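Novice: Test case, fold it:
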Amino acid sequence: MTKNKKIKITLTKSPIGYKQKAKRTLEALGLKKMNQSVEHNVTDSIMGMVDTVNYLVKIEELKSWSFQN
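Specialist: Down below sits the predicted model:
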């Protein structure tokens with residue numbers, strides 16, 4: 001994976017009524033409230049967690065800015 005690549009994860013659906021595993025995964029990602037967003041570096045563990053709760057979240061790739069003279 002690309003070094004320093006970041007993603008933005010947003011909780012779009014309520015975890016109420018879903019399995020406890022999904023709720024704990026969202027908590028581990030740092031998502032507690034609806035429409036809350038967090039940024040994480042792209043790693044295998046984070047992508048596995050996102051894949052587990054993909055029906056509850058929205059994922060966006062963040063562009064990195066570089067200033068060159």
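
Novice: Work out which residue lies at the spatial centre of this protein.
Specialist: Compute the mean C-alpha point of the chain, and by CA atoms, centre = their mean the closest residue is Ile9, 3.2 Å away.

Novice: what residues are up against Ser14?
Specialist: Contact analysis of Ser14 by CB atoms under 8 Å, 6 or more residues apart in numbering lists Met34. No exception for glycine: its C-beta is placed from N, CA and C like everyone else's.

Novice: you'd agree it is in a helix?
Specialist: No: counting by DSSP: H, G, I helix; E, B strand; the rest coil, Ser14 falls outside a helix, being coil.

Novice: do you know how far it is from Lys32?
Specialist: 11 Å (CB to CB, to the nearest Å).

Novice: What of Ile46?
Specialist: On the measure of CB to CB, Ile46 and Lys32 end up 17 Å apart.

Novice: So between these two, which is more surrounded?
Specialist: Taking neighbours as other CB atoms under 10 Å, Ile46 and Lys32 compare with Ile46 leading, 15 against 11.

Novice: For my notes, confirm that one occurs in a helix.
Specialist: Yes: using three-state DSSP, the assignment for Ile46 is a helix.

Novice: Just give the closest residue to it, not the sequence neighbours.
Specialist: Leaving aside its sequence neighbours, Ile46 sits nearest to His40 (CB to CB, 6 or more residues apart in numbering; 4.8 Å).

Novice: residues in contact with Lys8?
Specialist: Counting by CB under 8 Å, 6+ apart, Lys8 has contacts Ser37, Val38, Glu39, Ile59, Glu60, Glu61, Leu62.

Novice: same thing but at 10 Å, please
Specialist: By CB atoms under 10 Å, 6 or more residues apart in numbering, the residues touching Lys8 are Ser37, Val38, Glu39, His40, Lys58, Ile59, Glu60, Glu61, Leu62.

Novice: Reformat those as CSV; add secondary structure and distance to Glu27.
Specialist: CSV is the format used below for the contacts of Lys8 (DSSP: H, G, I helix; E, B strand; the rest coil; distance: CB to CB, whole Å):
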residue, secondary structure, distance to Glu27
Ser37, strand, 15
Val38, strand, 11
Glu39, strand, 17
His40, strand, 14
Lys58, strand, 18
Ile59, strand, 18
Glu60, strand, 21
Glu61, strand, 23
Leu62, strand, 22
